[in-house]
Structures are given as C-alpha cells and as structure tokens.
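In: Just to be clear, the model below is a prediction. Sequence and coordinates:
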Amino acid sequence: MPRAGLDADVVVRRATEIVDADGVASLSLARVATALGVAAPSLYKHVGGLGDLTDRVALAATRAFGEALARSSRGVSSREALGSLAAAYRGFARERPGMYELAQRGGAGPEWEEAAAALVDEITRALAGYGAAAADVHRIRYVRSALHGFTDLERVGGFRQHASVDETFARLVDALDAELSRPVEDARTAE
C-alpha cells in the first residue's frame, strides 16, 4: 500500500529539488527515496523507474522554464520583451541549474513534446513585437541558440576573462535586437 501523502507529484518535486541542488547526475531512486524517508522499492508504486522519473522531471523542467519565460515578457514588446526574455532565460539557468539542463536535454512522450512546443511558442510570442521576424523559424532558432550558448558557457564557468559577463550579455541582447529589427527580406539577402 502506498505511503500516505506520497504520490508521483511528491516524488517528482523532491527529485527536482535534488537535481537543482546537486545536478542531474545525482538523481537516483535511492537518493529520492532517502530524501522522502521511504525505501527505494516503494517509489515503483509511483514512478516506473529512474528513466520514467527522469522523463517526469524533464517534463516539469520544461514546463517551469516555459512558465518563467512567459511571465518575463507579459505586457511588454520588442526590445523590452527581448531583454526580459533573455534575463529570464539566464535567470532560470542560474536559479534552477539542474532543471535548466533537463529542459534542454528533453524528455519523452507527447506531454513533453507539447511542453517543448509551448516553450518555443512563448519565445515566439515574446518576440512578436518584431513583426515578421518573430515568425521566421531561423530567427527563433538564432535567439534560442544565442541565449542557450551564452547561458551554458556561463553555467559551466566558460567566461574566465576579466571583462564583465553582464556587459557581454547586454551586448548579446543588443545584437539579437539588431538582427530581429532587420526586415526578414534583408536577412535573407545577406545569406
């Protein structure tokens, strides 16, 4: 019989805490069970093993990341929305490093696919103030790649030069703004 108060949501929440505190590699059924005060085999009543738990945490991560991005740019547009989106992107990776990693790695199944599409939709919506540029899949990929590349390098300590990382990030956002401000036709001509 399952322990009172213990269900799949509780297991996933505890797993997300472990992932954020100690990294994705630290996630194990034994670790989650210990944190919940139960024996590891009792988790099988709620999740189908480590792979299933990891997929559930990846789903939670992707949803949380999408929600953070959505909150960031509500009520603003164009450059202000881009700046807010970029700050939220970077902030999520700093505040929830394990969840950020899992949101990037992805999960499996239709629920994760839906959450991943919703995340991209939030980025597209935030950039809608740029007009046709927001509908251009290449530019959306450009923004995501730039933000992820910067964020991931910062996350793993890849910026060791003495210049301000915040200044570099501000310049990146300015460069993205300049790209998104160009008419789509001009961008294609330059290719």
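Out: Sure, I can see it.

In: after the longest helix along the chain comes which helix or strand?
Out: For the chain, the helix with the greatest residue count under DSSP state H is helix 50-72. As assigned by DSSP states H and E, the chain's next helix or strand after helix 50-72 is helix 78-95.

In: picking up where we left off before, list the helices and strands the longest helix of the chain packs on?
Out: helix 8-22, helix 29-36, helix 78-95, helix 97-105, helix 110-126 (3 or more C-beta pairs under 8 Å, 6 or more residues apart in numbering; DSSP states H and E). The way it works is simple: take the backbone N, C-alpha and C, and place the C-beta from them, glycine included.

In: angle of it against helix 110-126?
Out: Orientation of helix 50-72 against helix 110-126 (axes from the mean of the first three to the mean of the last three C-alpha atoms, to 10 degrees) gives an angle of 20 degrees.

In: can you redo the helices and strands packed on helix 50-72 as CSV with distance to residue 166, mean pLDDT and mean neighbour count?
Out: Shown next, in CSV, are the helices and strands packed on helix 50-72 (distance: least, C-beta to C-beta, whole Å; pLDDT from 0 to 100; neighbours: other C-beta atoms under 10 Å):
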stretch, distance to residue 166, mean pLDDT, mean neighbour count
helix 8-22, 23, 95, 18
helix 29-36, 35, 95, 17
helix 78-95, 10, 95, 19
helix 97-105, 18, 92, 21
helix 110-126, 21, 92, 17
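
In: Can you add distance to residue 71 and give these back as a markdown table?
Out: Shown next, in a markdown table, are those (distance: least, C-beta to C-beta, whole Å):
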| stretch | distance to residue 71 |
| --- | --- |
| helix 8-22 | 18 |
| helix 29-36 | 28 |
| helix 78-95 | 7 |
| helix 97-105 | 15 |
| helix 110-126 | 9 |
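
In: Nearest to residue 177, out of these?
Out: For residue 177, the closest of these is helix 78-95, at 5.1 Å, according to C-beta to C-beta.

In: The closest one vs helix 8-22, what angle?
Out: 90 degrees.

In: Can you give the distance of helix 78-95 from its chain's centre?
Out: Offset of helix 78-95 from its chain centre (C-alpha atoms, centre = their mean, to the nearest Å): 11 Å.

In: residues in contact with the residue lying closest to residue 69 once chain neighbours are set aside?
Out: Spatial nearest neighbour of residue 69, excluding adjacent residues (C-beta to C-beta, 6 or more residues apart in numbering): residue 122 at 4.6 Å. Taking C-beta atoms under 8 Å, 6 or more residues apart in numbering, we find residue 122 in contact with 66, 69, 70, 73.

In: Please report how far residue 138 lies from residue 103.
Out: 22 Å (C-beta to C-beta, to the nearest Å).

In: again but with residue 58, I slipped
Out: Using C-beta to C-beta, residue 58 is found at 7 Å from residue 103.
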